[in-house]
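*Asks:* coords please:
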Amino acid sequence: MGLILLSLILRYWISTVEGTAGSCSAGSAVTCDECLRLSPRCAWCTQENFTDWLSVSKRCDTPDSLQEKGCAQDQLQFPISKGQILQDLQLRKNKGGINNTQISPQKMTLSLRPGNQMTFQVKIQQTEDHPVDIYYLMDLSASMIDDLEMIKDLGSSLSKEMAKLTSKFRLGFGSFVEKPVLPFIKITEEELANPCSSVTSTCLPTFGYKHLLSLTSSTDKFNQIISEQYVSANIDKPECGFDAIMQAAVCGDKIGWRNDSMRLLVFVSDADSHFGMDSKMAGIVIPNDGQCHLDNNNEYIMSTVQEYPTLGQLIDKVVENNILLIFAVTENQKNNYENYAKLIPGATVGVLATDSRNILELIVTAYKELRSEIELEVLGDTEELQMSFTTICPNGTVLPNQKRCSNIKPGDTVVFNVSVELTGCLSGERHFSMKSVGFQDSLEVDLESLCSCDCLQPPETNSSRCTPGQGAFQCGVCVCQPGFLGAQCECNEERSLMSNCLATEEAELCSGQGECYCGQCVCHASSFGRIYGPYCECDNYSCVRFRGELCGGHGECDCGECHCHSGWTGEYCNCSISAEACMSGDGTLCSNRGKCECGRCVCSVPGASGDKCEKCPTCGDTCTSARTCVECHLQAKGGTEVCVQKCSVPKISINKTADYDRSSSMQCTLKTENDCWISFNVVGGDTGITAYNLQMYDCPDIPNIPMIILGVSLSILCIGLILLGVWKVLVSVHDRKEVAKFEAERAKAKWQSGTNPLFKSSTSTFKNVTYRNAEKRS
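*Replies:* Next up, the predicted model:
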């Protein structure tokens with residue numbers, strides 16, 4: 001499997017290289033510039049007389065091909081993509097380093113040919129003791145009153161924590177509420193003066209954004225400013241936080257952002273922010289211009305004039321000014337600001353306690369997270385560039401197609417392999433830059449496309465090699481003025497020679513498939529094949545196809561007609577003249593069931609199929625086909641008229657008298673249903689099958705039916721008598737056994753001698769009592 005995969009990859013690479021090389025010579029480039037734009041592998045030969053004027057495009061090919069054709073190497077125009085580093089200061093190694101840079105190199109130029117990729121390395125180091133500016137931007141709507149009380153000592157505690165991380169730390173402060181217009185606030189006189197009057201409380205009039213403290217290292221000033229603040233109020237829940245972020249980002253002079261610092265803007269709020277066209281509800285329709293509009297009191301004066309910034313505008317200005325946003329928002333707003341943070345480079349989100357008690361921990365944690373990550377961003381005009389990145393982290397981990405590395409420590413260096421490719425020629429020089437998100441140091445790149453030949457400067461306008469006034473000699477050929485043609489621009493397109501390129505008066509010039517040069521058609525190149533003919537009227541690819549192959553794969557296409565190879569015929573050259581393919585295994589043509597047409601069997605017998613008509617479930621063989629007819633003729637006693645139908649399908653003729661060709665006949669021997677054997681000879685012909693020499697033999701004798709009936713009857717009678725005798729014997733034996741058993745049981749019986757008490761004898765006996773007494777007396 002691995003070898004197959006390797007071979008497929010190799011074949012794809014070879015076809016890609018061949019395809020790219022072929023695009024140079026197959027193109028129609030007639031100037032050096034046109035050649036270079038075809039492919040990054042194309043070169044132009046400036047050698048004089050290298051080609052004639054009809055094949056100028058052959059000057060464009062790969063360098064190897066041109067040298068094989070005889071072009072000297074020093075006559076090749078083949079610019080190669082290259083990069084040059086103009087400034088590369090060393091990365092800062094420690095706190096006391098001389099060079100103040102995080103990125104290497106700092107400036108370079110790229111000269112690229114379209115389609116050619118160049119890779120270079122960019123190194124970014126996470127410096128130690130980097131300056132940090134934190135601008136605390138707080139929502140001062142009424143719901144934040146408890147938060148304001150909680151952060152009164154934030155300056156001191158934050159300064160103490162940040163001192164552990166950097167010695168160059170500064171703080172600033174600003175606040176925001178909402179645009180002071182309907183429907184965001186109530187505009188009664190009382191509400192304008194005190195927006196909290198409806199809840200019997202006192203607060204400041206509603207304002208958009210105020211910058212209250214420029215960045216400073218004095219924590220006392222920060223604490224003092226916070227202690228002087230008081231809340232305001234508005235009607236709707238969202239605030240004008242994005243207005244405030246925009247002004248804090250673009251008013252760098254008033255905020256006091258340092259050029260070399262890490263700029264953190266901590267956005268603190270318990271509500272969502274308006275953006276884009278939300279201000280149309282107040283009738284404000286002028287788009288936000290992204291400019292600084294702070295007055296002398298450092299208050300945003302365009303709050304009631306311009307719309308809220310869109311998210312896209314906000315992202316542009318934040319990135320442009322290297323601002324890193326830390327959204328410190330309450331739990332119910334976490335999802336909203338996480339969605340914003342996904343779109344804003346370097347932005348993070350932290351969950352703020354309801355009274356801001358965890359704000360210190362949140363800021364320090366966010367700062368550490370930002371410092372532990374390096375992300376490369378690209379700025380500038382990169383519309384026609386294809387860029388890919390591979391990140392190599394300090395621990396050796398390689399991250400393809402990524403521009404970010406995490407778990408970075410101060411002093412660590414991250415390497416980015418940047419690949420750049422131009423998709424086309426540029427109209428002029430382009431500029432773009434690369435830098436780490438949130439930092440100022442950047443790599444500035446100037447880019448130019450290599451789409452022009454050096455030999456074009458300067459052109460020889462009065463060269464003797466070109467007709468004066470009709471062309472200039474450039475890069476080995478005469479480049480003609482409009483209206484002139486030829487090797488020396490000697491031909492005029494308006495001359496009558498143009499008529500020599502017309503097949504008829506109504507036809508297109510060179511049939512629309514070529515160019516007329518000095519009265520001769522020069523046909524265009526085509527990826528489909530060759531265009532030729534005096535008027536470019538012919539080609540070798542516009543012929544009929546059979547099964548997707550031109551001329552059936554058995555002919556040559558010439559000017560729209562197929563010229564078949566030997567042994568083939570037909571409009572599509574798909575008919576074979578040879579009948580060899582139609583011969584069946586038994587040596588017969590199409591198994592005697594069809595005809596051979598175009599080298600293929602066309603079956604004519606119903607039910608026959610197969611490449612050679614060898615399949616015919618309903619046909620049987622020749623002997624079987626003739627069997628019914630022959631049997632009928634042999635067994636017919638009253639005449640053969642009844643056999644006509646049986647001999648019609650298939651067509652069978654019986655000939656009992658004529659002689660026949662025994663060499664072409666086939667002997668058939670079959671057994672009939674009545675166990676007789678029949679034999680005959682069959683001979684095939686155009687009109688059907690003829691049977692000769694019909695014979696029937698070895699027929700069994702006819703059975704004697706009366707004797708069979710008598711024998712069966714006697715057999716049945718005898719069997720009945722035998723069965724009756726057997727039954728009688730069995731019954732007698734059974735009776736004797738029963739009698740003997742009875743006698744034995746009777747002999748064993750003992751009869752009682754007692755008198756039956758119910759018996760009464762018929763004789764009565766009486767005793768004369770007196771008689772005995774008389775006897776005694778005597």
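*Asks:* Spit out the contact partners of residue 611.
*Replies:* For residue 611, the contact set (CB atoms under 8 Å, 6 or more residues apart in numbering) comprises 600, 601. No exception for glycine: its C-beta is placed from N, CA and C like everyone else's.
*Asks:* what is the mean pLDDT for the longest helix along the chain?
*Replies:* The single longest helix within the chain, with elements called by DSSP state H, is helix 705-747. Looking at helix 705-747 alone, the average pLDDT works out to 90.
*Asks:* What of stretch 491-505?
*Replies:* Mean pLDDT, taken over the full extent of stretch 491-505, equals 72.
*Asks:* do the same with stretch 469-478
*Replies:* Averaged over stretch 469-478, pLDDT sits at 76.
*Asks:* residue ranges with poor pLDDT in the stretch 1-150 of the chain?
*Replies:* For the stretch 1-150 of the chain, residues meeting the criterion pLDDT under 70 lie at 1-23, 25-28, 52-55, 92-100.
*Asks:* and if you look at the stretch 451-600 of the chain?
*Replies:* Across the stretch 451-600 of the chain, the stretches falling below the confidence threshold (pLDDT under 70) are 456-463, 487, 493-497, 586.
*Asks:* quick one: terminal-to-terminal distance for stretch 320-330?
*Replies:* With CA to CA, to the nearest Å as the measure, the ends of stretch 320-330 fall 28 Å from one another.
*Asks:* Likewise for stretch 574-588?
*Replies:* With CA to CA as the measure, the first residue of stretch 574-588 is 23 Å from its last.
*Asks:* That one: how far from the chain's middle?
*Replies:* Averaged C-alpha coordinates place stretch 574-588 at 48 Å from its chain's average position (CA atoms, centre = their mean, to the nearest Å).
*Asks:* now the strands for the stretch 551-700 of the chain?
*Replies:* The residue ranges that make up the strands of the stretch 551-700 of the chain, judged by DSSP state E, counting those that start in this stretch, are 555-558, 561-564, 568-569, 575-576, 594-597, 600-603, 652-655, 666-671, 677-685, 688-697.
*Asks:* Looking at these, which is nearest to residue 155?
*Replies:* Across the strands of the stretch 551-700 of the chain, residue 155 has its closest neighbour in strand 555-558 (88.9 Å, CB to CB).
*Asks:* buried residues in the closest one?
*Replies:* Within strand 555-558, the residues that qualify as buried are 555, 557, counting by 16 or more other CB atoms under 10 Å.
*Asks:* Then stretch 655-672?
*Replies:* Residues of stretch 655-672 classed as buried: 665, 668 (neighbour count, 16+ other CB under 10 Å).
*Asks:* returning to that earlier point: off-centre distance for the longest helix of the chain?
*Replies:* The mean C-alpha position of helix 705-747 is separated from the chain mean by 96 Å, CA atoms, centre = their mean.
*Asks:* among the strands of the stretch 551-700 of the chain, which is nearest residue 88?
*Replies:* strand 555-558 (61.8 Å).
*Asks:* Starting from the closest one, tell me which strands it pairs with and how they run.
*Replies:* Using DSSP bridges, the neighbouring strands of strand 555-558 in the sheet come out as strand 561-564 (antiparallel).
*Asks:* what's the distance between the partner strand and the middle of its chain?
*Replies:* Per CA atoms, centre = their mean, the centroid offset for strand 561-564 relative to its chain is 42 Å.
*Asks:* Just checking: what are the partner strands of the helix or strand where residue 266 lies?
*Replies:* Secondary structure assignment for residue 266, by DSSP states H and E: strand 262-269. Sheet pairing for strand 262-269, assigned by DSSP bridges, gives strand 132-139 (parallel), strand 324-329 (parallel).
*Asks:* Now do the same contact list for the nearest residue to residue 666 once chain neighbours are set aside.
*Replies:* Nearest-residue entry for residue 666: residue 682, 5.3 Å, with adjacent residues in sequence omitted and distances by CB to CB, 6 or more residues apart in numbering. With contacts defined as CB under 8 Å, 6+ apart, the neighbours of residue 682 are 622, 623, 626, 665, 666, 668, 689, 690, 691, 692.
*Asks:* So among those residues, which ones count as buried?
*Replies:* Among the contacts of residue 682, those scoring as buried are 622, 623, 626, 665, 668, 689, 690, 691, 692 (criterion: 16+ other CB under 10 Å).
*Asks:* Which residues are in contact with the third one?
*Replies:* Spelled out, that is residue 626. The neighbours of residue 626, taking CB under 8 Å, 6+ apart as the test, are 652, 668, 680, 682, 689, 691.
*Asks:* and with 7 Å instead?
*Replies:* For residue 626, the contacting residues are 652, 668, 682, 689, 691, taking CB atoms under 7 Å, 6 or more residues apart in numbering as the criterion.
*Asks:* which two from the residues you listed end up farthest apart in space?
*Replies:* Between any two of these, the greatest separation by CB to CB is 11.8 Å, found for 652 and 668.
*Asks:* in stretch 359-372, what counts as buried?
*Replies:* Within stretch 359-372, the residues scored as buried using 16+ other CB under 10 Å are 359, 360, 362, 363, 364, 366, 367, 370, 371.
*Asks:* burial count for residue 334?
*Replies:* Other residues near residue 334 number 15, with proximity taken as other CB atoms under 10 Å.
*Asks:* part of a helix, is it?
*Replies:* Yes. With DSSP: H, G, I helix; E, B strand; the rest coil as the criterion, residue 334 is assigned to a helix.
*Asks:* how near is the closest residue to it other than its chain neighbours to residue 360?
*Replies:* Closest residue in space to residue 334, ignoring its immediate chain neighbours: residue 351 at 5.7 Å, by CB to CB, 6+ apart. Taking CB to CB, to the nearest Å as the measure, residue 351 falls 14 Å from residue 360.
*Asks:* before we move on, back to that, need the buried ones among the contacts of residue 682 in a markdown table with pLDDT, can you?
*Replies:* Written out in a markdown table, the entries for these read as follows (pLDDT from 0 to 100):
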| residue | pLDDT |
| --- | --- |
| 622 | 72 |
| 623 | 78 |
| 626 | 78 |
| 665 | 72 |
| 668 | 83 |
| 689 | 77 |
| 690 | 81 |
| 691 | 82 |
| 692 | 82 |
